[in-house]
Every structure is written in C-alpha cells, then in structure tokens.
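S.K.: Generate coordinates for the sequence data below:
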Amino acid sequence: AGQDATAASPALSRWRFGVERMDAALGGGLARGQVHEIYAAEDGDAAAAAGFAMAVLTGLSAGLSVGGDGRSRSILWLRSAAAARRGGVLQAQGWADLGGRPQDTVFGVLPDELALLRAALDAVRSGTLAAVLVEHWGAMRAMDLTASRRFVLAAEATGTTPLFLHVAADAGASAAQTRWSIAAAPSSALPGKAPGAPVFDVELTRQRAGPSGLTWRLEWDREQGIFRDAALSGDTLPVPARTAGAGAGTGPDSIRRVA
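M.R.: Numbering: from 1, shown residues only. Predicted coordinates for the structure are as follows:
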C-alpha cells in the first residue's frame, strides 16, 4: 500500500499518502527523486515534524530494493550538531513503532551546516539510498536557491529523495518541489484512554506547478504505511506540552551512526 506500482523507476515514481484529495493535489502523490522541505510550525512542534518525516521516509522507501535482491534501500539521516543538542537522540524503537526499519537507517551528526550540506549532496549523488534527510535547527544560510538547485539536479539524476527538516527557521528561496508545515494534533483515544496513532496538522505551504495553501489533519497508519483522514470528532487525547526535544527518546539502539 502507499506505492504506485506502475512507476518505472524511483526517479519517476510517487508515493501515495493514502488520502485521495491530498494525493490528487500532489499530482498522484509525493514525487520521489525531488527535493521536499518539512518545517516545524513552531519550535515546540519539532518532535511532531520529526515524526511526520519518519512516516514519510518509511513510505518513500517501501518497496525500493538494492540489486534486485529484495533488500530495502537504506535511509541516511544527517543532523547538524546544533540539531543533535537541541532535538535529543533519535530512538530506534520509536522509528520501528511507526512501521519503519531502523536497521536500514544510517544516522550521522555533522559539525556545521556546510559539512552537513556537503555530506548530504554526496549521498544523494551516490544513488544508493532511498532517501536522505537533512535536519537543521535555525536559519540555514548556506541552503540558498543555487544550493537547492544542486540537490534537485542530483535527485533527478539518481532517484534518491532529499528531505530537509527545519526547526526554528523561516522559509527562504528554494527550488524544492514541496514545502510543508507540521504541527502536533490530538490523537483519537483507544479503549482505556491509551494513546492512539500519531496525528499531525499538515499544511502544504508551497508546491512547484501545483496548488498550495492546503491543510489536512492526518493520522499515520503504521500497518498500511500510509496516512488517513484523522477523525475530527469523538474522544481525543490532548497534545502533550511542547518542549524542545520532546519525545526524542533516550538511545539509538540499532540505528547505525557515522561521525
């Protein structure tokens, strides 16, 4: 589920979110081999934005293999040192709880944004990865229109999808295909008031050659690997207090690291 099986290659395929009107607005789903930007709506939405990114990465990489042996293509998650300090440690169990495969994820921390962008661009150009996520806190001055175009060209040539996760930053000029703003939303309560599936308030703030300014409330279905329209009525659980790094976890366990 969640994948266009008729696509000939990752560079031409789209991953379907699972919500019909959303996929229609995107021309059939989120395009692989294109640059996409994810912004936390507020600083306190950092964990929600990261969770949304994890869900999208899980969907984008589903069904993509290396060498025809059915082995999943890896994901590279790169963070600036500032993001690692402020955002906390990525937890492998949290990734697995969203339906992802943390064993197929390589996790790296770079000292500054220039090193971060160089490593990310080299990774995209390699063509061996399903996706590369670049996480940064604060203004990313080196990621200007020219730099974003380099990522677009590399992504289109290899089919690897670069995702940029921004927290505490204002959007600037970019050649990205889509730009998203993510906020935490209350989940539907399960029996016994247990926490339900993660829910996000999602806004498509920009799309090249397509509609923008559209909003959805989405619930992640880990079993199907897609989103669905979140229920807007009935019992809900309140959104936890927003603090920097909330929900980041305490240990990476099976996530491999690169320095």
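S.K.: Help me confirm that F227 comes into contact with F52.
M.R.: No: the pair F227 / F52 is not scored as a contact, 9.3 Å apart, by C-beta atoms under 8 Å. All C-beta spots, glycine's among them, are computed from the backbone N, C-alpha and C.
S.K.: Find the nearest non-adjacent residue to T105, please.
M.R.: If you skip the residues right next to it in sequence, T105 has I75 as its closest partner in space, 4.9 Å away by C-beta to C-beta, 6 or more residues apart in numbering.
S.K.: got the CA positions of the host helix or strand of A154 in CSV?
M.R.: Secondary structure assigned from DSSP states H and E places A154 in helix 145-158. In CSV, the C-alpha atoms belonging to helix 145-158 read as follows (Å, rounded to 0.1, in the frame of the first residue of the first chain):
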residue,chain,number,x,y,z
LEU,A,145,18.4,28.9,-4.2
THR,A,146,21.6,27.8,-6.0
ALA,A,147,22.4,25.1,-3.4
SER,A,148,18.8,23.8,-3.6
ARG,A,149,19.1,23.5,-7.4
ARG,A,150,22.2,21.4,-7.0
PHE,A,151,20.1,19.0,-4.8
VAL,A,152,17.3,19.0,-7.4
LEU,A,153,19.7,18.0,-10.2
ALA,A,154,21.3,15.3,-8.1
ALA,A,155,17.9,13.9,-7.0
GLU,A,156,16.5,13.8,-10.5
ALA,A,157,19.7,12.1,-11.8
THR,A,158,19.7,9.3,-9.2
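S.K.: I'd like the next helix or strand past that helix.
M.R.: In the C-terminal direction, the helix or strand that comes right after helix 145-158 (DSSP H and E) is strand 161-167.
S.K.: Mind giving me the packing neighbours of that next one?
M.R.: For strand 161-167, the elements it packs on are strand 36-40, helix 46-61, helix 81-87, strand 131-137, helix 145-158, judged by 3 or more C-beta pairs under 8 Å, 6 or more residues apart in numbering; DSSP states H and E.
S.K.: can I get the ones you listed in JSON lines with mean neighbour count, mean pLDDT and distance to G172?
M.R.: Rendered in JSON lines, the data for the helices and strands packed on strand 161-167 read as follows (neighbours: other C-beta atoms under 10 Å; pLDDT from 0 to 100; distance: least, C-beta to C-beta, whole Å):
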{"stretch": "strand 36-40", "mean neighbour count": "24", "mean pLDDT": "98", "distance to G172": "10"}
{"stretch": "helix 46-61", "mean neighbour count": "25", "mean pLDDT": "92", "distance to G172": "17"}
{"stretch": "helix 81-87", "mean neighbour count": "19", "mean pLDDT": "89", "distance to G172": "18"}
{"stretch": "strand 131-137", "mean neighbour count": "26", "mean pLDDT": "96", "distance to G172": "12"}
{"stretch": "helix 145-158", "mean neighbour count": "17", "mean pLDDT": "96", "distance to G172": "8"}
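S.K.: okay if I get those as a markdown table plus distance to V109?
M.R.: Conversion of the helices and strands packed on strand 161-167 to a markdown table gives the following (distance: least, C-beta to C-beta, whole Å):
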| stretch | distance to V109 |
| --- | --- |
| strand 36-40 | 19 |
| helix 46-61 | 15 |
| helix 81-87 | 5 |
| strand 131-137 | 10 |
| helix 145-158 | 20 |
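S.K.: Quick one: closest of the ones you listed to R179.
M.R.: Set against R179 and scored by C-beta to C-beta, the helices and strands packed on strand 161-167 come closest in strand 36-40, at 4.4 Å.
S.K.: Give the ranges of residues in the stretch 101-250 of the chain that sit below the confidence cut-off.
M.R.: Per-residue confidence of the stretch 101-250 of the chain (counting by pLDDT under 70) places the weak regions at 192-195, 231-250.
S.K.: can you pull out the strands in it?
M.R.: Listed in chain order, the strands of the stretch 101-250 of the chain (DSSP state E, counting those that start in this stretch) span 105-110, 131-137, 161-167, 178-185, 199-207, 214-221, 226-229.
S.K.: For S80, find the nearest of those strands.
M.R.: Distances from S80 to each of the strands of the stretch 101-250 of the chain were compared by C-beta to C-beta, and the smallest falls on strand 131-137, at 4.9 Å.
S.K.: I appreciate the help and will end here.
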